[in-house]
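Novice: Structure for the following, please:
(4 chains)
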There are 2 protein chains.
Amino acid sequence: MTVRESTSSTRERIKTVALELFTEQGYEKTSLREIAERLDVTKAALYYHFKSKDEIVNSFVEDRLDQLDDLVAWAKAQPATLTTRRSIIGRYADTMCAGQHSSVMRFFEQNQTALRSLTAGQRIRERMLQLADLLCGDDSSPEAQLRATLALFSVHSSWFGVRAPGLTDQERRGVALKVADELITAIGPPTTDDPR
Amino acid sequence: MTVRESTSSTRERIKTVALELFTEQGYEKTSLREIAERLDVTKAALYYHFKSKDEIVNSFVEDRLDQLDDLVAWAKAQPATLTTRRSIIGRYADTMCAGQHSSVMRFFEQNQTALRSLTAGQRIRERMLQLADLLCGDDSSPEAQLRATLALFSVHSSWFGVRAPGLTDQERRGVALKVADELITAIGPPTTDDPR
DNA sequence: GTCTATAAGCCGATAGAC
DNA sequence: GTCTATCGGCTTATAGAC
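Specialist: Prediction:
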């Protein structure tokens, strides 16, 4: 896909800078003036590309939503086995490697209250809950819910939380999956796994 | 401790309402006007009790800080064994039951970016990192860091995340500790545990 | 301790020239 | 596509009466 130079590049630059500032300082605290200054344009120029502050958020959240929808759809079509749960986490970790997706999820985690009143935030939250439910399978006990939540958080935390500068994406993925695997393996006594 | 009626009760009411609104809507999005309206007083009355918006946060964060400091100090005086790690998590879970401490931690999690520029937030964050380090003992590998982080998050998540209305504090504590125990048991191959 | 009134400033968003 | 100029509104915070 070739890039229409003058028209589209500014829009992308706005998205990138906004995502960065929203994550570092918070959505509410970051003003459009600040974003504009960083790009050496005026506030009004931003309003040519986006009709509101919310819409800037929507612009970089939508790609992530599509990806999550794909994963949820795939997971729903699988049998509720341990193997499936492992694959869900593995695929979820894979999605974090590509493009800005890990940055978007970091923004999501750092702006939970701000995103509560934004549709973009509600939609991401909804998908995460769906994934957690799918990781629970038939077991809806508090313990299973907790394990599922922590398994997903394990992936995020290995990306955002672990202080180890030289770690590659593959290594982060490996650590996240090792710990997540322990958590989800213990889910699901109600149905014995891998019924034959 | 008796309550000096007219003088101190308004201050406490401000703290309670502010903590509630800051958590529900976010720190930045909640204005002093809104807090004042909810209490049927004027904004100026708030400024009699607190000299700034930040200071309202400090007022309910300080109690929590003292409690965390106690726990960190106790943990540092213990040997770096698995038994100690278990006790740290157990005591940490205990602190969540008393008073507004779980509410304060929920506020902390929901307002990470806002709290980054507030000293109150930086100090809580620092204590959480200390606890995570203590849970790691001699093992500073990425995997140990991740396990420690998730163990602490297990306690938070059982309080804030698990959807089970009828669950008592004791039951939440039980679930959190069961999962957290699995996580921290696997930390620390470098030093064999419980050396005799 | 609580009030009214107001200062001073930043915000998101819009209008219209170029 | 980007600009200048501006609007209306809301914010934190203060001054001073009661």
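Novice: Going by C-alpha atoms from here, please, whenever you check contacts or count neighbours.
Specialist: Will do.
Novice: where does chain A dip in pLDDT?
Specialist: A:1-7, A:189-196 (pLDDT under 70).
Novice: Chain B contacts on that one?
Specialist: A:23-26, A:28-29, A:110-114, A:116, A:142-143, A:145-147, A:149-150, A:153-154, A:157-158, A:161-164, A:175-176, A:179, A:183 (Cα under 8 Å from any Cα of the partner chain).
Novice: Take the residues you listed and keep only those in helices.
Specialist: A:23-25, A:110, A:112-114, A:116, A:142-143, A:145-147, A:149-150, A:153-154, A:157-158, A:175-176, A:179, A:183 (DSSP state H).
Novice: which SS state does the spatially most central residue of chain A fall under?
Specialist: Centroid-nearest residue in chain A, with Cα atoms, centre = their mean: residue A:105, separated by 3.4 Å. Secondary structure for residue A:105, judged by DSSP: H, G, I helix; E, B strand; the rest coil, is helix.
Novice: same check, this time on residue A:11
Specialist: Assigned with three-state DSSP, residue A:11 falls in the helix class.
Novice: which one is it nearest to, not counting chain neighbours?
Specialist: Closest residue in space to residue A:11, ignoring its immediate chain neighbours: residue A:49 at 6.2 Å, by Cα to Cα, 6 or more residues apart in numbering or on different chains.
Novice: doesn't residue A:9 make contact with that neighbour?
Specialist: No: counting by Cα atoms under 8 Å, no contact exists between residue A:49 and residue A:9, whose distance comes to 10.8 Å.
Novice: For these two, indicate the residue with more neighbours.
Specialist: Shown here are residue A:49 and residue A:9; by other Cα atoms under 10 Å in any protein chain shown, residue A:49 has more neighbours (16 against 12).
Novice: quick one: the more buried one from DNA strand D, how far?
Specialist: Here the distance between residue A:49 and DNA strand D works out to 7 Å (Cα to the nearest atom of the strand, to the nearest Å).
Novice: how close does residue A:177 sit to chain B?
Specialist: Residue A:177 sits 10 Å away from chain B, taking Cα to the nearest Cα, to the nearest Å as the criterion.
Novice: CA atoms of the strand or helix carrying residue A:83 as CSV?
Specialist: Taking DSSP states H and E as the definition, one finds residue A:83 inside helix A:82-97. Extracted as CSV, the C-alpha positions of helix A:82-97 are listed here (Å, rounded to 0.1, in the frame of the first residue of the first chain):
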residue,chain,number,x,y,z
LEU,A,82,-6.9,-26.9,27.7
THR,A,83,-5.3,-26.9,24.3
THR,A,84,-7.6,-24.2,23.1
ARG,A,85,-7.0,-22.1,26.1
ARG,A,86,-3.2,-22.4,25.5
SER,A,87,-3.7,-21.3,21.9
ILE,A,88,-5.8,-18.3,22.9
ILE,A,89,-3.0,-17.0,25.1
GLY,A,90,-0.4,-17.8,22.5
ARG,A,91,-2.3,-16.0,19.8
TYR,A,92,-3.0,-13.1,22.1
ALA,A,93,0.7,-12.7,22.8
ASP,A,94,1.4,-12.9,19.0
THR,A,95,-0.9,-9.9,18.4
MET,A,96,1.1,-7.8,20.8
CYS,A,97,4.2,-8.0,18.6
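Novice: Give the buried residues for it.
Specialist: A:82, A:84-86, A:88-90, A:92-93, A:95-97 (16 or more other Cα atoms under 10 Å in any protein chain shown).
Novice: With stretch A:135-148 instead?
Specialist: In stretch A:135-148, counting by 16+ other Cα under 10 Å, buried: A:135-148.
Novice: Please apply the same query to stretch A:122-139.
Specialist: Buried-residue list, stretch A:122-139, by 16+ other Cα under 10 Å: A:124-125, A:127-128, A:130-139.
Novice: wouldn't residue A:139 be in contact with residue A:186 here?
Specialist: No: look at residue A:139 against residue A:186 with Cα under 8 Å: they stay out of range, at 10.7 Å.
Novice: So residue A:98 versus residue B:38, what's the distance?
Specialist: 46 Å (Cα to Cα, to the nearest Å).
Novice: So for these two, which sits in the more crowded spot?
Specialist: Using other Cα under 10 Å as the criterion, residue A:98 and residue B:38 rank with residue B:38 on top: 14 against 9.
Novice: so what does the helix or strand harbouring residue A:44 touch, helix or strand wise?
Specialist: Element membership for residue A:44, per DSSP H and E: helix A:43-49. Contact here means 3 or more Cα pairs under 8 Å, 6 or more residues apart in numbering or on different chains; DSSP states H and E; on that basis helix A:43-49 packs against helix A:32-38.
Novice: got the buried residues for the top helix by length along chain A?
Specialist: In chain A, with assignment by DSSP H, the single longest helix is helix A:53-76. Within helix A:53-76, the residues that count as buried by 16+ other Cα under 10 Å are A:56-58, A:60-61, A:64-65, A:68-69, A:71-72, A:75.
Novice: likewise stretch A:167-174?
Specialist: A:172-174.
Novice: Let me have those residues in JSON lines, extended by distance to residue B:42.
Specialist: As requested, these are arranged in JSON lines below (distance: Cα to Cα, whole Å):
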{"residue": "A:172", "distance to residue B:42": "51"}
{"residue": "A:173", "distance to residue B:42": "52"}
{"residue": "A:174", "distance to residue B:42": "55"}
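Novice: From those, pick the one nearest residue B:44.
Specialist: In terms of Cα to Cα, no member of the buried residues of stretch A:167-174 lies closer to residue B:44 than residue A:172, at 50.9 Å.
Novice: who does the helix or strand the closest one falls within touch, helix- and strand-wise?
Specialist: In the assignment (DSSP H and E), residue A:172 maps to helix A:169-185. If you count contacts as 3+ Cα pairs under 8 Å, 6+ apart, helix A:169-185 packs onto helix A:82-97, helix A:142-160, helix B:142-160.
Novice: Would you format these as a markdown table with distance to DNA strand C included?
Specialist: As requested, the helices and strands packed on helix A:169-185 are exported to a markdown table (distance: least, Cα to the nearest atom of the strand, whole Å):
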| stretch | distance to DNA strand C |
| --- | --- |
| helix A:82-97 | 28 |
| helix A:142-160 | 26 |
| helix B:142-160 | 29 |
